[in-house]
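1. fold the following.
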Amino acid sequence: MSLPPRQSGRIAARAHHSPAAAILRKFEPFFVIGEVSGGPLLIASIAALVLINTAWGSTYAHIWDAPLRLTYDGWAIAKPLSGWINDALMPLFFLIIGTDENGGAIFDHGSGGIVLLRAA
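-> Residues are numbered from 1 along each chain as shown. All right, here's what the predicted structure looks like:
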């Protein structure tokens, strides 16, 4: 079942100007350029290593075990923060790696090892 062209265009125009689209457009440069796509992950890894090895280490570890609960009209799901990361953000990471793989960089003998190392 498809929408008439006029209705379809109206929905697309609304989606293009939505607040979520505006936020996602700000992060788009981080994922468009292959060399920059690992930047946020690298920054987060360095921040995690620094925090866990300071006096705030126990607080940082406790945050990862804190339950995060989403409810909507009788429906509820609760997981620790680390579970949400594993179930939502890790697939996004592997999607980026897969996109890099489809671009051919993994098959290039010069940079293929780097891509495989990032995936490991």
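2. can you map out the helices along the protein?
-> Under the criterion DSSP state H, helices of the chain are mapped to 5-16, 19-32, 39-52, 57-65, 81-84, 90-102, 112-119.
3. hang on, Leu41 packs against Leu92?
-> No: using Cβ atoms under 8 Å, Leu41 is not in contact with Leu92; the gap is 10.2 Å. (Glycine included, C-beta is placed from N, CA and C.)
4. tell me which of these two has more neighbours.
-> Leu41 (14 against 10; other Cβ atoms under 10 Å).
5. please report how far that one lies from Thr54.
-> Applying Cβ to Cβ, to the nearest Å, the value for Leu41 to Thr54 is 21 Å.
6. and Ala21, by the same measure?
-> 38 Å.
7. for this protein, give me the ranges with low pLDDT.
-> Within the chain, the stretches with pLDDT under 70 are 1-16, 27, 29-38, 99-120.
8. pull the CA atoms of stretch 59-71 into CSV?
-> Provided in CSV are the C-alpha atoms of stretch 59-71 (Å, rounded to 0.1, in the frame of the first residue of the first chain):
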residue,chain,number,x,y,z
THR,A,59,31.2,5.5,40.3
TYR,A,60,31.9,5.0,36.6
ALA,A,61,31.6,1.2,36.9
HIS,A,62,28.3,1.7,38.9
ILE,A,63,26.9,3.9,36.1
TRP,A,64,27.3,1.0,33.6
ASP,A,65,25.2,-1.2,35.9
ALA,A,66,22.5,1.3,36.5
PRO,A,67,19.1,0.1,35.2
LEU,A,68,17.5,2.1,32.4
ARG,A,69,13.8,1.5,32.0
LEU,A,70,11.6,2.6,29.0
THR,A,71,7.8,2.3,29.4
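9. which residues does it contact?
-> With contacts defined as Cβ atoms under 8 Å, 6 or more residues apart in numbering, stretch 59-71 is touched by 48, 51-52, 76-82, 84.
10. just the buried residues of the residues you listed.
-> If you count burial by 16 or more other Cβ atoms under 10 Å, none of the contacts of stretch 59-71 comes out as buried.
11. would you list these in a markdown table and tack on distance to Arg25?
-> Compiled in a markdown table, those are given as follows (distance: Cβ to Cβ, whole Å):
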| residue | distance to Arg25 |
| --- | --- |
| Ala48 | 27 |
| Leu51 | 30 |
| Ile52 | 33 |
| Ala76 | 32 |
| Ile77 | 29 |
| Ala78 | 32 |
| Lys79 | 29 |
| Pro80 | 31 |
| Leu81 | 27 |
| Ser82 | 29 |
| Trp84 | 24 |
